[in-house]
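*Asks:* Please find the sequence and the predicted model below.
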Amino acid sequence: MLMEHTTIKEVAARARVSTATVSRILNGKYAHRSTTVEHVKKVIEELRAARSLAAGDDVETPECVGLVMFAYRDFLNTNYNATLVSSIMEELTAENFSAQIIALSPRSLGIGYIAGLVREHRLKGLLIPEFDLLYAVSEKLEKLGIPVVSIGNFSGISCRVSSNSFRAGCDAANYLWSNGHRRFGIVSMSRTDICQEQRIEGFCETVRQLGGDPAKIWIREFRSMEGYSVSGAISELVNMKRIPTAVFSTNSMLSRKLIAGLSQSGLHVPEDVSLLSFEEDGELEDFPVPVSVMRQPTRDMGRIAVEMLVKKLRGLEVRENEELNCSLIIRKSVRSIPVE
């Protein structure tokens with residue numbers, strides 16, 4: 001890894017190799033002999049030490065990576081984002097890196113804008129928690145010439161860590177089915193988000209395999225992360241002749257709104273409707289009726305993403321696709337009922 005103001009040309013001249021060789025080694029895209037790789041890395045460290053000594057500063061300045069996030073109202077207050085960012089920052093600090101958070105609004109959602117920030121802050125690599133609005137630009141980020149690691153299920157970036165959302169949906173359906181439920185509902189954020197789609201697909205496919213009819217599952221989805229309301233869906237739900245006995249919510253924010261709306265409409269969890277939520281939330285455990293969840297390994301995803309990026313920056317071998325399983329946390333929001 002280069003220090004600020006140390007150029008690839010300087011390294012190439014001192015190591016007696018081409019600038020292309022240095023560039024490939026820095027970006028982890030090389031097939032050179034191990035002796036060449038180690039020689040170039042040694043030269044880089046020597047140049048860094050020399051510059052530090054010349055500056056009269058023996059404290060190494062942390063290098064910086066970018067954390068690209070889609071920004072909406074209170075996006076850092078959501079449990080997922082807050083947990084993920086804290087995990088990433090802790091791991092980067094331990095590895096002597098700093099981070100520049102790149103919060104993108106729909107207006108700044110472009111590869112040119114991100115490329116400008118990469119140059120301005122001299123970013124060595126990028127971490128990108130996938131969200132559906134980022135899909136359009138994230139697959140282009142690898143063209144910036146620096147290592148990129150994706151956190152999520154989008155396949156446009158070669159190196160990524162994700163939770164197994166399809167299996168989480170399968171496990172959710174199996175758990176509700178084992179408790180006697182045969183009439184299901186699903187509330188979800190938009191299925192343009194691949195993770196949301198996979199949770200729904202896993203749930204529906206498992207219901208089909210168990211002998212149920214996925215076409216009879218009541219499914220409602222919401223597009224926006226801000227200002228959305230479940231009131232219309234709840235009104236529809238409570239007026240059904242035979243309401244679902246169990247609802248799977250693929251988002252913890254939706255789960256909280258759903259519980260509140262059902263209560264206002266005279267229905268209660270789990271007496272009238274059982275509820276299983278995807279993703280842990282700091283509030284769900286403390287509800288009057290604690291909510292059962294499919295817990296996503298968010299902290300582990302952040303930690304592993306940083307490990308991947310650091311390995312790529314150091315020219316080490318990286319396993320480019322890490323998929324982690326969610327875990328079922330059983331509380332009191334799902335009750336067993338007689339099989340109809």
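*Replies:* Arrived safely, thanks for sending.

*Asks:* So residue 64 lies in a strand, does it not?
*Replies:* Yes. The assignment for residue 64 is a strand, going by DSSP: H, G, I helix; E, B strand; the rest coil.

*Asks:* does it really touch residue 120, like I thought?
*Replies:* No. Residue 64 is beyond contact range of residue 120, at 10.7 Å (criterion: CB atoms under 8 Å). No exception for glycine: its C-beta is placed from N, CA and C like everyone else's.

*Asks:* So for these two, which residue has more residues nearby?
*Replies:* Between residue 64 and residue 120, counted using other CB atoms under 10 Å, the more crowded position is residue 64 (16 against 9).

*Asks:* and the residue lying closest to the more buried one once chain neighbours are set aside, what does it touch?
*Replies:* Excluding its sequence neighbours, the residue lying closest to residue 64 (CB to CB, 6 or more residues apart in numbering) is residue 98, at 4.8 Å. For residue 98, the contact set (CB atoms under 8 Å, 6 or more residues apart in numbering) comprises 62, 63, 64, 65, 92.

*Asks:* Could you report the separation of the second one from residue 125?
*Replies:* Translated: residue 63. To residue 125, residue 63 is 9 Å away according to CB to CB, to the nearest Å.

*Asks:* quick one: common contacting residues for those two?
*Replies:* residue 313.

*Asks:* The two: which is more packed in?
*Replies:* Neighbour comparison, residue 63 and residue 125: the larger count goes to residue 125, with 24 against 19 (by other CB under 10 Å).

*Asks:* start to end distance for stretch 119-128?
*Replies:* 17 Å (CA to CA, to the nearest Å).

*Asks:* and it, what's its mean pLDDT?
*Replies:* Averaged across stretch 119-128, pLDDT comes to 89.

*Asks:* which of the residues in stretch 115-131 are buried?
*Replies:* By 16 or more other CB atoms under 10 Å, the buried positions in stretch 115-131 come out as 117, 118, 123, 124, 125, 126, 127, 128, 129, 130, 131.

*Asks:* Now the two most distant members of these.
*Replies:* Farthest apart among the buried residues of stretch 115-131 by CB to CB are 124 and 131. That separation is 23.1 Å.

*Asks:* can you pull out the helices in the protein?
*Replies:* For the chain, the helices defined by DSSP state H cover 8-15, 19-26, 34-54, 79-94, 111-120, 135-138, 165-178, 194-209, 231-238, 252-264, 298-313.

*Asks:* Now render those helices as CSV, adding distance to residue 291.
*Replies:* Listed next are the helices of the chain as CSV, based on distance: least, CB to CB, whole Å:
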stretch, distance to residue 291
helix 8-15, 53
helix 19-26, 47
helix 34-54, 50
helix 79-94, 12
helix 111-120, 37
helix 135-138, 30
helix 165-178, 13
helix 194-209, 16
helix 231-238, 16
helix 252-264, 6
helix 298-313, 17
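
*Asks:* So which of those helices is nearest residue 327?
*Replies:* Nearest to residue 327, of these and by CB to CB, is helix 165-178 at 8.8 Å.

*Asks:* Quick one: closest of the helices of the chain to residue 157.
*Replies:* helix 135-138 (5.9 Å).

*Asks:* and the closest one, average pLDDT?
*Replies:* 70.

*Asks:* what's the closest non-adjacent residue to residue 270?
*Replies:* Using CB to CB, 6+ apart, the nearest residue to residue 270 is residue 335, at 4.1 Å.

*Asks:* whoops, I mixed them up, residue 117
*Replies:* Sequence neighbours aside, residue 102 is the residue nearest to residue 117 in space, at 5.6 Å (criterion: CB to CB, 6+ apart).

*Asks:* what's the burial count for that neighbour?
*Replies:* Neighbour tally, residue 102, other CB under 10 Å: 20.

*Asks:* list the contacts for it?
*Replies:* So residue 102 contacts 66, 67, 68, 69, 114, 117 (CB under 8 Å, 6+ apart).

*Asks:* Rounded mean pLDDT for stretch 258-272, please.
*Replies:* Stretch 258-272 carries an average pLDDT of 90.
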